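[1] Give me a 3D structure for the following:
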Amino acid sequence: MLLALGLGLALVGCSASAAGLNGFQSADGRYAFLYPTGWTRVQVSGGPQVVFHDLINSDETLSLVISEVTPERDLTALGSAVAVGETLRRQVIAPEGSGRQAELVQADAREQDGRTFYDLEYAVHLQDRDRHELATVVVDRGRLYTFAASTNEIRWPKVKDLFHQVVSSFNLLV
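    Okay, the predicted model is just below:
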(Lines give C-alpha, C1' and ligand atoms only; values in the text may rest on other atoms or scores of the structure.)
Protein backbone atom coordinates (compact mmCIF):
# COMPACT_ATOMS: atom_id res chain seq x y z
CA MET A 1 0.00 0.00 0.00
CA LEU A 2 2.78 2.45 0.93
CA LEU A 3 4.67 1.55 -2.23
CA ALA A 4 1.59 2.28 -4.34
CA LEU A 5 1.06 5.60 -2.54
CA GLY A 6 4.72 6.55 -3.01
CA LEU A 7 4.60 5.61 -6.68
CA GLY A 8 1.40 7.62 -7.14
CA LEU A 9 2.96 10.68 -5.53
CA ALA A 10 6.09 10.30 -7.66
CA LEU A 11 3.96 10.17 -10.81
CA VAL A 12 2.03 13.29 -9.77
CA GLY A 13 5.35 15.06 -9.18
CA CYS A 14 6.66 13.97 -12.57
CA SER A 15 3.52 15.04 -14.40
CA ALA A 16 3.61 18.48 -12.72
CA SER A 17 7.27 18.83 -13.66
CA ALA A 18 6.61 17.63 -17.21
CA ALA A 19 3.86 20.22 -17.52
CA GLY A 20 6.42 22.97 -16.87
CA LEU A 21 5.78 23.36 -13.14
CA ASN A 22 7.91 22.88 -10.05
CA GLY A 23 6.75 22.38 -6.49
CA PHE A 24 7.47 24.69 -3.55
CA GLN A 25 6.78 23.90 0.10
CA SER A 26 7.34 26.27 3.00
CA ALA A 27 10.13 25.39 5.43
CA ASP A 28 7.56 24.90 8.21
CA GLY A 29 5.46 22.58 6.03
CA ARG A 30 2.40 24.85 6.32
CA TYR A 31 1.71 25.51 2.64
CA ALA A 32 2.74 24.45 -0.85
CA PHE A 33 2.18 25.52 -4.43
CA LEU A 34 3.41 25.03 -7.97
CA TYR A 35 5.42 27.62 -9.87
CA PRO A 36 6.55 27.72 -13.52
CA THR A 37 9.84 26.13 -14.51
CA GLY A 38 12.41 28.82 -15.25
CA TRP A 39 11.14 31.13 -12.53
CA THR A 40 13.40 32.04 -9.63
CA ARG A 41 12.75 32.98 -6.03
CA VAL A 42 13.80 36.47 -4.98
CA GLN A 43 14.05 37.99 -1.52
CA VAL A 44 12.03 41.15 -0.90
CA SER A 45 12.54 42.98 2.39
CA GLY A 46 9.41 44.40 3.95
CA GLY A 47 7.18 42.81 1.33
CA PRO A 48 5.60 39.44 0.57
CA GLN A 49 6.86 36.34 2.36
CA VAL A 50 7.54 34.55 -0.94
CA VAL A 51 8.21 36.06 -4.38
CA PHE A 52 9.08 34.31 -7.64
CA HIS A 53 9.56 35.95 -11.02
CA ASP A 54 10.16 34.81 -14.56
CA LEU A 55 13.80 35.13 -15.61
CA ILE A 56 12.87 36.08 -19.17
CA ASN A 57 9.77 38.22 -18.51
CA SER A 58 10.85 39.71 -15.19
CA ASP A 59 7.61 41.64 -14.70
CA GLU A 60 5.74 38.34 -14.38
CA THR A 61 5.55 37.63 -10.67
CA LEU A 62 4.15 35.22 -8.14
CA SER A 63 3.82 36.35 -4.52
CA LEU A 64 2.48 35.20 -1.19
CA VAL A 65 1.45 37.68 1.49
CA ILE A 66 0.49 36.38 4.94
CA SER A 67 -1.46 38.77 7.16
CA GLU A 68 -2.80 38.41 10.67
CA VAL A 69 -6.58 38.24 11.21
CA THR A 70 -8.66 37.49 14.28
CA PRO A 71 -7.94 33.79 15.04
CA GLU A 72 -11.58 32.73 15.32
CA ARG A 73 -12.52 34.21 11.93
CA ASP A 74 -12.84 32.21 8.77
CA LEU A 75 -12.81 33.57 5.24
CA THR A 76 -16.59 33.80 4.93
CA ALA A 77 -16.67 35.96 8.09
CA LEU A 78 -14.63 38.53 6.12
CA GLY A 79 -17.37 38.65 3.47
CA SER A 80 -18.30 37.09 0.15
CA ALA A 81 -15.76 36.49 -2.62
CA VAL A 82 -16.83 39.75 -4.25
CA ALA A 83 -16.64 41.71 -0.98
CA VAL A 84 -13.16 40.39 -0.12
CA GLY A 85 -12.05 40.93 -3.73
CA GLU A 86 -13.23 44.54 -3.63
CA THR A 87 -11.52 45.14 -0.28
CA LEU A 88 -8.23 43.81 -1.66
CA ARG A 89 -8.68 45.94 -4.76
CA ARG A 90 -9.22 49.13 -2.74
CA GLN A 91 -6.68 48.53 0.03
CA VAL A 92 -3.85 46.58 -1.62
CA ILE A 93 -3.97 46.50 -5.42
CA ALA A 94 -5.07 50.06 -6.16
CA PRO A 95 -5.28 52.12 -2.98
CA GLU A 96 -6.23 55.77 -3.29
CA GLY A 97 -3.23 57.88 -4.30
CA SER A 98 -1.27 54.93 -5.75
CA GLY A 99 -1.75 55.99 -9.37
CA ARG A 100 -3.22 52.55 -10.10
CA GLN A 101 -6.74 51.63 -11.03
CA ALA A 102 -8.06 48.09 -10.79
CA GLU A 103 -11.23 46.28 -11.72
CA LEU A 104 -12.36 43.06 -10.10
CA VAL A 105 -13.11 40.95 -13.19
CA GLN A 106 -14.25 37.77 -11.45
CA ALA A 107 -14.64 36.43 -7.91
CA ASP A 108 -15.47 32.81 -7.10
CA ALA A 109 -15.55 30.66 -3.97
CA ARG A 110 -14.34 27.06 -3.90
CA GLU A 111 -13.90 24.40 -1.24
CA GLN A 112 -10.67 22.44 -0.97
CA ASP A 113 -9.74 20.08 1.85
CA GLY A 114 -12.46 21.52 4.08
CA ARG A 115 -11.36 25.15 3.59
CA THR A 116 -12.98 27.97 1.66
CA PHE A 117 -10.81 29.70 -0.95
CA TYR A 118 -11.75 32.80 -2.93
CA ASP A 119 -10.32 32.96 -6.45
CA LEU A 120 -10.05 36.54 -7.73
CA GLU A 121 -9.17 38.05 -11.09
CA TYR A 122 -8.21 41.69 -11.67
CA ALA A 123 -7.47 44.01 -14.57
CA VAL A 124 -4.96 46.57 -13.27
CA HIS A 125 -4.29 49.86 -15.03
CA LEU A 126 -0.98 51.61 -14.37
CA GLN A 127 0.08 54.92 -15.87
CA ASP A 128 2.35 53.27 -18.43
CA ARG A 129 0.82 49.81 -18.93
CA ASP A 130 -1.99 47.42 -18.12
CA ARG A 131 -1.57 44.25 -16.07
CA HIS A 132 -3.62 41.20 -15.23
CA GLU A 133 -3.61 39.51 -11.83
CA LEU A 134 -5.02 36.29 -10.42
CA ALA A 135 -5.16 35.64 -6.69
CA THR A 136 -6.49 33.12 -4.24
CA VAL A 137 -7.14 33.89 -0.58
CA VAL A 138 -7.74 31.58 2.37
CA VAL A 139 -7.83 32.01 6.15
CA ASP A 140 -6.25 29.51 8.55
CA ARG A 141 -5.34 29.80 12.24
CA GLY A 142 -5.48 33.57 12.39
CA ARG A 143 -3.66 34.13 9.11
CA LEU A 144 -4.95 35.40 5.78
CA TYR A 145 -2.94 33.92 2.89
CA THR A 146 -3.04 35.89 -0.37
CA PHE A 147 -1.31 34.08 -3.23
CA ALA A 148 -1.15 36.03 -6.51
CA ALA A 149 0.29 35.86 -10.02
CA SER A 150 0.63 38.96 -12.19
CA THR A 151 1.67 39.70 -15.76
CA ASN A 152 1.58 42.40 -18.39
CA GLU A 153 -1.79 42.50 -20.16
CA ILE A 154 -0.07 41.85 -23.51
CA ARG A 155 1.15 38.44 -22.26
CA TRP A 156 -2.07 37.53 -20.45
CA PRO A 157 -3.61 35.49 -23.32
CA LYS A 158 -0.43 33.36 -23.50
CA VAL A 159 -0.11 32.64 -19.77
CA LYS A 160 -3.65 32.71 -18.40
CA ASP A 161 -4.11 28.91 -18.32
CA LEU A 162 -0.72 28.47 -16.66
CA PHE A 163 -1.49 31.20 -14.11
CA HIS A 164 -4.87 29.64 -13.29
CA GLN A 165 -3.13 26.31 -12.69
CA VAL A 166 -0.44 27.91 -10.50
CA VAL A 167 -2.81 30.01 -8.39
CA SER A 168 -5.26 27.16 -7.83
CA SER A 169 -2.36 24.91 -6.75
CA PHE A 170 -1.88 26.85 -3.50
CA ASN A 171 -2.78 24.57 -0.61
CA LEU A 172 -2.49 24.54 3.16
CA LEU A 173 -0.89 21.33 4.38
CA VAL A 174 -1.54 21.38 8.14
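[2] I'd say Leu75 and Phe117 touch.
    Yes: applying CB atoms under 8 Å as the test, Leu75 and Phe117 come out as touching, 7.5 Å apart. Any C-beta I mention is one placed from the backbone N, CA and C, and that applies to glycine too.
[3] Can you report phi and psi for the residue most central in space within the chain?
    Taking CA atoms, centre = their mean, the centroid of the chain lies closest to Phe147, which sits 2.5 Å from it. As for Phe147, its main-chain torsions (degrees, to the nearest 10) stand at phi -110, psi 120.
[4] what sits against it?
    For Phe147, the contacting residues are 33, 62-64, 135-137, 167, 170, by CB atoms under 8 Å, 6 or more residues apart in numbering.
[5] Could you give the bridge partners of it?
    Leu64, Thr136 (DSSP bridges).
[6] again, but for the one 5 residues further on
    Taking DSSP bridges as the rule, Asn152 bridges to Arg131.
[7] residue boundaries of the helices in this structure?
    Ranges of helices within the chain are 2-18, 81-88, 156-168, based on DSSP state H.
[8] tell me the mean pLDDT for the first one?
    Computed over helix 2-18, the mean pLDDT rounds to 38.
[9] what do you get for the second one?
    The average pLDDT for helix 81-88 rounds to 96.
[10] helices or strands next to that helix in the packing?
    Contact here means 3 or more CB pairs under 8 Å, 6 or more residues apart in numbering; DSSP states H and E; on that basis helix 81-88 packs against strand 101-112, strand 115-125, strand 130-140.
[11] mind running it again at 7 Å?
    With contacts taken as 3 or more CB pairs under 7 Å, 6 or more residues apart in numbering; DSSP states H and E, helix 81-88 sits against strand 101-112, strand 115-125.
[12] Give me the sheet partners of the longest one and which way each runs.
    Next to strand 101-112 in the sheet, as set by DSSP bridges, lie strand 115-125 (antiparallel).
[13] For the strand it pairs with, what is the distance to the chain centroid?
    Here strand 115-125 is found 9 Å from its chain centre; the criterion is CA atoms, centre = their mean, to the nearest Å.
[14] That'll do, ta.
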